[in-house]
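Engineer: below is the sequence, then the predicted model.
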Amino acid sequence: MRKLIFFVLSLCVLTGCASLPLNYPRTPTTALPQPEETRLWRTIQPQLDNHPGDSGFFLLPSGVDAFVARILLIDAAERTLDLQYYIFHGDVTPKLVVDRMLAAADRGV
């Protein structure tokens, strides 16, 4: 019985390490043309000029900071929103996100 349990657990571990096939279908994406026409772009342009070649990657220290950043970016959006991933739970945060998304849609985003 121990050997069977060991075999099943080993099999689970090994299959858990499997990777996606290389030909996995991907949806091509593109950046928006003329991002410099937005207020957000004009705000960050001086930083981009002062740090050429840097990524602009910034770690947020907590989940609350990340949530607030998302809300502020939704509120600042002028042309489009791309919320590829957001985990919705049965609490107030998804309601706030959806409320801000609807407000953005009402202003033409």
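Structural biologist: The structure has been received and is ready for your questions. Numbering: from 1, shown residues only.
Engineer: please count neighbours and contacts with C-alpha atoms only from this point.
Structural biologist: Will do.
Engineer: who are the packing partners of the helix or strand in which residue 103 is found?
Structural biologist: Assessed by DSSP states H and E, residue 103 sits inside helix 92-106. Applying 3 or more CA pairs under 8 Å, 6 or more residues apart in numbering; DSSP states H and E, one finds that helix 92-106 contacts helix 63-76.
Engineer: flag every buried residue along the helix it packs on.
Structural biologist: Buried residues in helix 63-76, counted by 16 or more other CA atoms under 10 Å: 67, 70, 71, 74.
Engineer: same deal with stretch 47-67?
Structural biologist: Neighbour-count burial for stretch 47-67, counted by 16+ other CA under 10 Å, picks out residue 67.
Engineer: now that stretch: how far from the chain's centre is it?
Structural biologist: The chain centre lies 13 Å from the centre of stretch 47-67; the measure is CA atoms, centre = their mean, to the nearest Å.
Engineer: for the chain, which spans come out with low pLDDT?
Structural biologist: 6-9, 11-21, 85-86 (pLDDT under 70).
Engineer: for the helix holding residue 103, which positions count as buried?
Structural biologist: In helix 92-106, counting by 16+ other CA under 10 Å, buried: 97, 100, 101, 104.
Engineer: redo these as TSV? Include distance to residue 32.
Structural biologist: Compiled in TSV, these are given as follows (distance: CA to CA, whole Å):
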residue	distance to residue 32
97	23
100	21
101	19
104	17
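Engineer: closest one of these to residue 26?
Structural biologist: Of all the buried residues of helix 92-106, residue 101 has the smallest distance to residue 26: 25.7 Å, by CA to CA.
Engineer: roughly how far does the closest one sit from residue 73?
Structural biologist: For residue 101, the distance to residue 73 equals 10 Å [CA to CA, to the nearest Å].
Engineer: thinking again about what came up before, which two among the buried residues of helix 63-76 are spaced furthest apart?
Structural biologist: The two members of the buried residues of helix 63-76 with the most space between them (CA to CA) are 67 and 74, at 10.7 Å.
Engineer: what is in contact with the two at once?
Structural biologist: Counting by CA atoms under 8 Å, 6 or more residues apart in numbering, residue 67 and residue 74 have no common neighbour.
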